[in-house]
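structure of the sequence below:
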Amino acid sequence: MSATIRRVGAQTWFETLAVLRNGEQLLLTLLLPAIALVVLATTDLAPLPEPRVDAAVGSALAMAVASSFTSQAIAVAFDRRWGVLRMLATTPLGPQGLLAGKLGAVLVVVLVQTVVLGGLGLAVRWRPAGLGAAQVVAGAVLMVLGAGVFVAFAMLVGGTLRPEAVLAIANLLFVLMVLGGGLVLPLELLPAPLDAVMAYLPPGALGEALRTLLTEGLVDVVALGVLAAWAVAGAALATRAFRWDA
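Numbering: from 1, shown residues only. Prediction:
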């Protein structure tokens, strides 16, 4: 057990440094959510629940978590092509260990994103003083589950498709999640029954839950269950279908 923990810890550290040193991934994981936060909080370009700045912070955090899907899927796909994963396949890490290492790295990056976006939120007059310990814990659980979902499906997509296909699909899905998946904008903007369907998909569940938590202080238990179920399903699919070679 201790050896497994050490291997996963080493992989987590390696993956974290890879993300933080990659300018393109930092653009996706930090700059775009930051821009979304400022635009949503300071303009009326998109309808959001009140208090508007609280909802904007929730949307930006959801977007930051979901960015892990695109960045990790593309990284995995090209690591397969370049033979990096083939070398990892010779170690005892295994698909589950690789998944755990990537999730650990994403959680470290999410922590950095939260600090940066929280500071930016304060700069645009977000005041989180009304959040109690229960809301903070619920928010952390939502983001951890969301990260688990998006990393699992990143492994599934990046570990089974060609890099060129992954590059197109991962970017397209991220755009769709942002524009119409409930990640950034409220699901009530979507026509019925699409709004109800999206509430049971990871982007909609995460985005709506974080906005509700920050604007109303309410914990969406259904969203927690939805994200947990998707995380389990995604992890099972990823570990079964993952291929080390391109």
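
could I get the buried residue list for stretch 210-223?
L210, R211, T212, L213, L214, T215, V219, D220, A223 (16 or more other C-beta atoms under 10 Å). Backbone N, C-alpha and C define where each C-beta goes, glycine included.

tally of neighbours for D195?
For D195, the neighbour count with other C-beta atoms under 10 Å is 16.

quick revisit: what's the most distant pair in the buried residues of stretch 210-223?
With C-beta to C-beta as the measure, no two of the buried residues of stretch 210-223 lie farther apart than T215 and A223, at 14.2 Å.

now for L183: which residues touch it?
S59, A62, M63, A66, M177, P203, G204, L206, G207 (C-beta atoms under 8 Å, 6 or more residues apart in numbering).

next step: the residues you listed restricted to strands.
Taking DSSP state E, every one of these sits outside strands.

ok now the lowest-mean-pLDDT helix or strand in the chain, how far from the chain's centre?
Least confident helix or strand, the chain: helix 23-26 with a mean of 72, by mean pLDDT, DSSP states H and E. Centroid separation for helix 23-26 versus its chain: 15 Å, with C-alpha atoms, centre = their mean, to the nearest Å.

any stretches of the protein with poor pLDDT?
1, 23, 89, 246 (pLDDT under 70).

can you map out the helices along it?
Using DSSP state H, the helices assigned to the chain run over residues 2-20, 23-26, 32-42, 52-82, 84-88, 94-123, 133-158, 163-180, 194-198, 202-216, 221-241.
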